[in-house]
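Q: Would you be able to build a 3D model of this:
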Amino acid sequence: MAASPVGSGTTTPTSKPLEIRTKSVEQTLVPLVTQITTLVNHQEKKIRKTEKACRAVHRVGEAVSFAIERFVTVGEAIADQNEEIKHEMYDACHEARVAGDSIATITDVQYNQGDEEPLFKDKSQMVRAARALLSSVTKVLMVADKVTVKQLLCAKDKVLTSLALLEEVSNFSDFVQLFSQFGTEMVELAHLSGDRQADLKDERARAKMGAARAVLERSTMMLLTSSKTCLRHPDCEPAVHNRTSVFRQMRDALSGMERVVTEGSWLENGDSVTSPVCVHNVLRQFEDAVERTRVTQVQSTDKEKLQESLDVIIDQANDFTDSAYTSHEHRKKILELCDDARTELQELLHVETNYDQGGKLDTTEELETAIIKTCKSVKELKKQLQNTALDQASEIFKTNEDHDILATLKMAGTQGEADRVEEYSGKFTEHSEQLMEACRLLRHIAGNDPLYITACHAESCIRNISPQLVTAAQTLVANPASKIARENLDVFCDAWESQINELSILVKEINDFCSGKKGDKTVYLSLPRPGKHGTTLKTIKPVKLDAEEQAKIAKLGLEMKLMTSELDAETEKWEDPDNDIVKNAQNMSSMSYSMYLFTRGEGPLKTTQDLFSQAEHFAEEGNKLFKTVKDFSDEIPDGVHKAELLAHLDKIPTFCQQLNFTCKSPTMGKQATFTKVDSAIQETKNLMNTVAKVVTTCFTAATKYNLDTGSSPVHRWRSGPPPPMDIRTKRNGEEGTPIQTQETKMNSFLRSKAVQQPIQTINAFERI
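A: Below is the predicted model of the structure:
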């Protein structure tokens, strides 16, 4: 993880540079950094001391000091409520207060008539004070962040305690009571961990947190049905193994979540961060080393390193050739390309040897040719390895073998055919091993750390779910009349299918990366942006565009108008114009049309500030649409339509975030304002394009599966709320599963929004 050291410039042997790990802390510092930069710049410019300059600098210094005082007051209030950080927080607040007073003292410059000296005599004084202030404020924020971490860890500990109690329960009534409490604690943990995941700066840490949360979400329903089955059939050994494995995987996920929260990332080794050892990374390092020989030439030590690096590549490539599922054609091609790469490297080293010996050949041209050939050979090898891994995964999805196996296992278990269950359990285990092998190869070609982590997570999930599903089938065949055992097997089959769908999405993402396409990343902040109610540091002066600027953005405006027309056409297809999806889309279309009229110098938006305000409302409506469609997507059966919808839908928060950021960023000068207008129009167009695709896909899915998109929640509840469900609901004498209740909780699990955190109250720089 990249550190963000902020300090006074001196560190002792025992001190450690401050490392900002969350976006919220980083963003809260933005307005302070802006003001400090202004002061430092004044000092650097050697501004002559005038009455006006003295007043301006004094006002800024007073504003900083006042904001710091309010800031540390909040920090001390947090300290009083959290005894474990009280001493540390008070120390940090004291440092911040002293630093703020220092800034106020330095900027308290008195003007005397006839002064000709510079505004600031000591150039380094302001820099030292600014560093001290920034360092102390950062410490306060990071101490406050410890309270957020503590909240998450406490929630995690509550879940662990409940798991221990659930594991020891021996009767159904106690289980019902404990599981209800467990569900409440899981929802709380989901909120806190979701906010933390979104707030982490390091993408690897976010991927690890997401993996842990996904395991917990999937395991909750498994825990419910496996525990019920074990309570109903306590003497059935497969049922006991089935339940025990779920407890184990949930504890592992909670431990992983704790490591991410306390350490930041699982890919850290001491104080240094290491990239995973996979073919993609080794090939990239080898190509870079070969390219550097143009400048550095090949020294004796470099020759050994290049050779060793190629040996590692070939060794990693053996994972592909040794795989039992790699086709003969792919295996043969990989071996040929490995030999070609070795030959080209030897030629490169031979050219360098001639150069070192003072050969009379045109070594520069020959060296360039050797470098190009070597790089080309490893690029071809990389492409072949990518094709091999992707083809192997593609073949698995084409056969759809696991669907038939699972259907047979369910039928054989219900009919009590033990031999057939054993036969198909073996086939399923073999199929699982093939999938895990595919994940290992995908891990090799994953182009970045998050994809690598996701591939590892997919392999781990398949390794865990496969034996769990087998023991669930064995439990059913031993108790073929048990509805609970049958329901338990269904849950594990659903979990398997969900994991396979996630794997298919991963394959697509890796394929896109290998093809040069860049995926969109959803970015959230769990803290409000700097400024009052998320506004910018300074109020933007409303301006009007002149004719030349109007003409420049006319083309973008026309493109946005076409997007508006396309969205209108999509919403008109719906038979129910009052559903929430259509309403949100129509609101966005109306706002977009107003922004289009602005590009023509017409309509209700007269100034740039009007445009930016409209764009902010547009982004807000986009987030509302995201929530509505996210709920609707849960009703769509897993398959192509759902995957396509989610692929488009997940882009909306990113575009909304970017648009908000653009509209709230401060600008100075005419050219900067025009650039901001251009960016806002472009980002609005991008969001409109995505919204049109989302609405189209929603309509297709609603039509195909005959789904009710529904209207507002108020309308849906007019006929009275649905009857409450209980996990003790009887179903022909058997204890039923609260599928609706549990699904509602689990839907909330991943869609949880920001909750109030102590650090959120520290936002005192809004008026500087």
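Q: top helix in this structure by residue count?
A: helix 123-168 (DSSP state H).
Q: So which other helices or strands are in contact with the very next helix or strand once past that one?
A: Going down the chain from helix 123-168, the next helix or strand is helix 172-199, by DSSP states H and E. With contacts taken as 3 or more Cβ pairs under 8 Å, 6 or more residues apart in numbering; DSSP states H and E, helix 172-199 sits against helix 123-168, helix 203-232, helix 739-751. Using the backbone N, CA and C atoms, a C-beta is placed for each residue, glycine as well.
Q: do that again at 10 Å, thanks
A: Secondary-structure packing of helix 172-199 (3 or more Cβ pairs under 10 Å, 6 or more residues apart in numbering; DSSP states H and E): helix 23-28, helix 123-168, helix 203-232, helix 237-263, strand 734-735, helix 739-751.
Q: Would you tell me which of those gets closest to L189?
A: Among the helices and strands packed on helix 172-199, helix 123-168 comes nearest to L189, with 4.3 Å by Cβ to Cβ.
Q: Quick one, grab the pLDDT at the residue at minimal distance from the centre of the chain.
A: Computing the C-alpha centroid of the chain and ranking residues by Cα atoms, centre = their mean puts R206 first, at 5.3 Å. Per-residue pLDDT puts R206 at 87.
Q: related to what we said a few turns ago, what about the longest helix of the chain, distance to the chain center?
A: Helix 123-168 sits 20 Å away from the centroid of its parent chain (Cα atoms, centre = their mean, to the nearest Å).
Q: what about the strands in this structure?
A: Ranges of strands in the chain, per DSSP state E, are 268-269, 272-273, 730-731, 734-735.
Q: any idea which of those strands scores lowest on pLDDT?
A: Checking each of these, the one with the poorest mean pLDDT is strand 272-273, at a mean of 34.
Q: sorry, back to before: surely the residue nearest to the centre of the chain and D195 touch.
A: No - counting by Cβ atoms under 10 Å, R206 stays clear of D195, with 11.8 Å between them.
Q: and L348, how far is that from A615?
A: 54 Å (Cβ to Cβ, to the nearest Å).
Q: how about stretch 280-289: buried residues?
A: H280, N281, V282, L283, F286, E287, A289 (16 or more other Cβ atoms under 10 Å).
Q: And stretch 322-334, by the same measure?
A: In terms of neighbour count (16+ other Cβ under 10 Å), stretch 322-334 has its buried residues at S323, Y325, T326, H330, K333, I334.
Q: would you list these in a markdown table and tack on distance to A473 and pLDDT?
A: Formatted as a markdown table, the buried residues of stretch 322-334 follow (distance: Cβ to Cβ, whole Å; pLDDT from 0 to 100):
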| residue | distance to A473 | pLDDT |
| --- | --- | --- |
| S323 | 28 | 90 |
| Y325 | 24 | 90 |
| T326 | 30 | 91 |
| H330 | 34 | 92 |
| K333 | 40 | 94 |
| I334 | 38 | 93 |
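Q: Just give me the closest of those residues to D610.
A: H330 (59.4 Å).
Q: tell me the contacts of the closest one?
A: Taking Cβ atoms under 10 Å, 6 or more residues apart in numbering, we find H330 in contact with F320, T321, S323, Q384, L385, N387, T388, A389, D391, Q392.
Q: what's the burial count for the nearest residue to the third one once chain neighbours are set aside?
A: The shortest distance from S323 to any non-neighbouring residue, by Cβ to Cβ, 6 or more residues apart in numbering, is to E437 (5.7 Å). Counted with other Cβ atoms under 10 Å, residues neighbouring E437 total 20.
Q: for R204, same thing?
A: For R204, using other Cβ under 10 Å, the count is 23.
Q: you'd agree it is up against Y452?
A: Yes - the pair R204 / Y452 is scored as a contact, 8.6 Å apart, by Cβ under 10 Å.
Q: Check the spatially closest residue to K693 that is not a sequence neighbour and give its pLDDT.
A: Excluding its sequence neighbours, the residue lying closest to K693 (Cβ to Cβ, 6+ apart) is H648, at 4.6 Å. H648 is assigned 88 on the pLDDT scale.
Q: I figured H648 was touching L687, is that so?
A: No - look at H648 against L687 with Cβ under 10 Å: they stay out of range, at 11.4 Å.
Q: can you list the weak-confidence ranges in the stretch 401-550 of the chain?
A: Applying pLDDT under 70 to the stretch 401-550 of the chain flags residues 517-550.
Q: any chance you could map the helices in the stretch 351-500 of the chain?
A: 363-399, 401-414, 418-445, 449-478, 483-514 (DSSP state H, counting those that start in this stretch).
Q: what's the neighbour count on L645?
A: By other Cβ under 10 Å, the residues close to L645 number 22.
Q: Quick one: residues contacting it.
A: V629, K630, F632, S633, I636, K693, V694, T696, T697, C698, T700, A701.
Q: F699 is in contact with the fifth one, correct?
A: Spelled out, it's I636. No - using Cβ under 10 Å, I636 is not in contact with F699, being 12.0 Å away.
Q: still on that earlier bit, list buried residues within the contacts of L645.
A: Here, 16+ other Cβ under 10 Å leaves V629, K630, F632, S633, I636, K693, V694, T696, T697, C698, A701 buried among the contacts of L645.
Q: Looking at these, which is nearest C461?
A: For the buried ones among the contacts of L645, the residue nearest C461 by Cβ to Cβ is S633; the value is 21.2 Å.
Q: If we ignore the residues flanking it in sequence, what's nearest that closest one?
A: Distances taken as Cβ to Cβ, 6+ apart place L645 nearest to S633, at 5.6 Å, with adjacent residues excluded.
Q: Local confidence estimate at that neighbour?
A: 90.
Q: if I look at it, how far off is H330?
A: In terms of Cβ to Cβ, L645 sits 34 Å off from H330.
Q: got it, and L659?
A: 45 Å.
Q: And F661, by the same measure?
A: With distances taken as Cβ to Cβ, F661 is found 45 Å from H330.
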